[in-house]
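> Structure here, sequence nowhere to be found:
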């Protein structure tokens with residue numbers, strides 16, 4: 001799986017998200033993201049210490065944001081393969097197990113369709 005489509009990354013982050021990643025890294029230097037599939041914490045991107053989350057055999061690495069790998073389940077990737085995920089930050093509480101929880105701001109995934117996606 002290519003991490004870019006037509007030269008555009010499959011996943012990117014806003015300046016606000018990069019700032020929150022830098023804040024989190026002061027406490028947890030090695031982190032990763034997993035795009036939630038809509039269970040307990042909706043469809044928020046979840047941020048974990050890299051050693052606390054086991055990447056599954058069916059997870060797809062979309063790319064990296066600010067040096068942190070971003071994964072999504074293969075089934076969810078099939079539904080979103082035509083979109084670029086944009087990790088952003090909004091006010092609020094993060095997911096229960098996500099490292100943004102308790103910081104009064106949380107990660108949020110926005111998306112946009114790629115103009116054309118090769119099969």
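In hand now; what should we look at? Remember, it's a predicted structure, so these values are computed and weren't measured experimentally.
> all contacts plus neighbour counts: C-alpha atoms, from now on.
Noted.
> Please go through this protein and pick out the longest helix.
helix 15-27 (DSSP state H).
> So for it, mean pLDDT?
Averaged across helix 15-27, pLDDT comes to 97.
> who does it touch, helix- and strand-wise?
Contact here means 3 or more C-alpha pairs under 8 Å, 6 or more residues apart in numbering; DSSP states H and E; on that basis helix 15-27 packs against strand 83-91.
> tilt between the strand it packs on and helix 15-27?
Interaxial angle, strand 83-91 versus helix 15-27 (axes from the mean of the first three to the mean of the last three C-alpha atoms, to 10 degrees): 70 degrees.
> Give the other helices and strands that whichever helix or strand comes after strand 83-91 contacts.
On the C-terminal side of strand 83-91, the nearest following helix or strand under DSSP states H and E is strand 105-113. On a contact count with 3+ C-alpha pairs under 8 Å, 6+ apart, strand 105-113 meets strand 45-49, strand 83-91.
> who's in contact with the shortest one?
Applying C-alpha atoms under 8 Å, 6 or more residues apart in numbering, the set of residues contacting strand 45-49 from outside is 28-36, 87, 95, 97-100, 107-109.
> returning to that earlier point: give me the contact list for the longest helix of the chain.
31, 65, 66, 87, 88, 89, 99, 100, 107.
> Narrow those residues to just the buried residues.
Buried subset of the contacts of helix 15-27 (neighbour count, 16 or more other C-alpha atoms under 10 Å): 31, 65, 87, 88, 89, 99, 100, 107.
> out of those residues, who's nearest residue 13?
Nearest to residue 13 among those: residue 87, at 4.5 Å, using C-alpha to C-alpha.
> quick check, distance from the longest helix of the chain to the centre of its chain.
13 Å (C-alpha atoms, centre = their mean, to the nearest Å).
> Sheet-wise, list the partners of the lowest-mean-pLDDT helix or strand in the chain with their directions.
Least confident helix or strand, the chain: strand 4-5 with a mean of 82, by mean pLDDT, DSSP states H and E. Next to strand 4-5 in the sheet, as set by DSSP bridges, lie strand 8-9 (antiparallel).
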